[in-house]
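Asker: Structure for this input, please:
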Amino acid sequence: MLIICNRRYPLSLLALFFISAVACPLIVGAAPKGIRYKKPKPARQQPTDNGPVEAPQIANGPRKTVAVWPKYQQDFRFPSVDELVIDELVNSNQYTVVERLNVQALEMEANLFEDVRHIGAQLIFEVAVTSVDQRTSRGLQFGLGDFGLGDGIDVVVGTSRTTAKATVVLRVIDTRTGEILSSQRVTGVSTGSGLNLGFAYQKYTPNRVDGFNVSFGKIKGTSVGKAVSKAVKLAVTKTTNKLNNHPWEARVADVDKDFVYLNAGQNAGLAAGHQLVISRLSKTISDPQTGAILDVVLIPICEIEVVSVKEKIAICRITTRSAIVSADTNVEKNQVVHLKPTR
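Answerer: Numbering: from 1, shown residues only. Model prediction:
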């Protein structure tokens, strides 16, 4: 090789060839082989716990008297969700909650408003659980609403990791006008370990549950129960904050020659010295096509002052007669009472 190179190639050319032969593989090996782009995988959004729920804002004025009515779905009835709402309302110290409504006697909404007004409720809190589902690491464990249960009736919540979601709709209706003052749709999420649990269904059909007779106490420790509780708590908080500006209302319970008695007292936060206005119903304006109440016209009769209060009544005296009504206009039972506007 050396003899051939000496004969046919100059020494400088041979050196250049040798250097190229050694250096080229190193250069090629050091060169990038090309950038490989990997399509980024979208981050899978995992449901998380709702976290702590802020307390509702404190409303000005007396506490509103309310009743709670569970609005059951045709597909299923979630157990005792009205008890959760009542508990949240009572513990908020911003409402006077009247006795629990007889649901069987109030299947017709026409009866509902008449009976609720009779027990003195200004507002109705109507609550419904619209969907509930629970998933585990193995997939769907059981579901209500959007997720069917199939043909079986035995449902077992395992002890594996579970994530439960529950959607609650809480509406508030004015019993005097029928107006929906607030409607909140809230989803509660809870992640944890499920507990073994069996449901006893009243009636079942494929892919649908028509109801089950199990108390909420049996499921409140499960992921589903916690999700429903969180949804209710958040819905009550949002609703309360929205109702803060809605005027408080009471009714005249009785009247004599000396005093006027109201159907609200210490339970509503009334105290001696409160200035109030009594009004009579003038007329109700309704939509001629739908029949919906558009407005209720009230005419002030007189101003009153609270002189003493008991647990459920306030004793008042008339301080000023209204100039826009005749002097012989009497205060009567069931007339509307509001706080006197501040000037």
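
Asker: State whether residue 234 and residue 188 are indeed in contact, as I suppose.
Answerer: Yes - applying Cβ atoms under 8 Å, one finds residue 234 in contact with residue 188, separated by 6.7 Å. All C-beta spots, glycine's among them, are computed from the backbone N, C-alpha and C.

Asker: The two: which is more packed in?
Answerer: Applying other Cβ atoms under 10 Å to residue 234 and residue 188 shows that residue 188 carries more neighbours, namely 25 against 20.

Asker: what comes up buried for the host helix or strand of that one?
Answerer: Assigned by DSSP states H and E, residue 188 falls within strand 180-193. Under the neighbour-count criterion of 16 or more other Cβ atoms under 10 Å, strand 180-193 has 182, 184, 186, 187, 188, 189, 190, 191 buried.

Asker: who's in contact with it?
Answerer: With Cβ atoms under 8 Å, 6 or more residues apart in numbering as the test, strand 180-193 has contacts from 47-50, 123, 130, 159-174, 223-224, 226-235, 238-239, 242-243, 246.

Asker: how much space between residue 169 and residue 238?
Answerer: Look at residue 169 and residue 238: by Cβ to Cβ, to the nearest Å, they are 12 Å apart.

Asker: Span of stretch 315-330 from start to end?
Answerer: End-to-end distance for stretch 315-330, by Cα to Cα, to the nearest Å: 17 Å.

Asker: can you list contacts of it?
Answerer: 255, 258-262, 275-276, 280, 299-309, 331.

Asker: Can you name the residues that contact residue 81?
Answerer: 70, 127, 128, 129, 168, 216, 228, 232.

Asker: Wait, the fourth one touches residue 167, no?
Answerer: What it means is residue 129. Yes - the criterion here is Cβ under 8 Å, and residue 129 meets it with residue 167 at 7.2 Å.

Asker: So for the two, which sits in the more crowded spot?
Answerer: residue 129 (26 against 20).

Asker: and the helix or strand where that one lies, what other elements does it pack with?
Answerer: Following DSSP H and E, the helix or strand that holds residue 129 is strand 123-136. When contacts are defined as 3 or more Cβ pairs under 8 Å, 6 or more residues apart in numbering; DSSP states H and E, strand 123-136 packs onto strand 64-70, helix 81-91, helix 109-118, strand 139-144, strand 161-174, helix 223-243.

Asker: Quick one, which of the ones you listed gets closest to residue 339.
Answerer: Minimum separation from residue 339 across those (Cβ to Cβ) falls at strand 64-70, 11.6 Å.

Asker: now that closest one and helix 223-243, what's the angle there?
Answerer: 150 degrees (axes from the mean of the first three to the mean of the last three Cα atoms, to 10 degrees).
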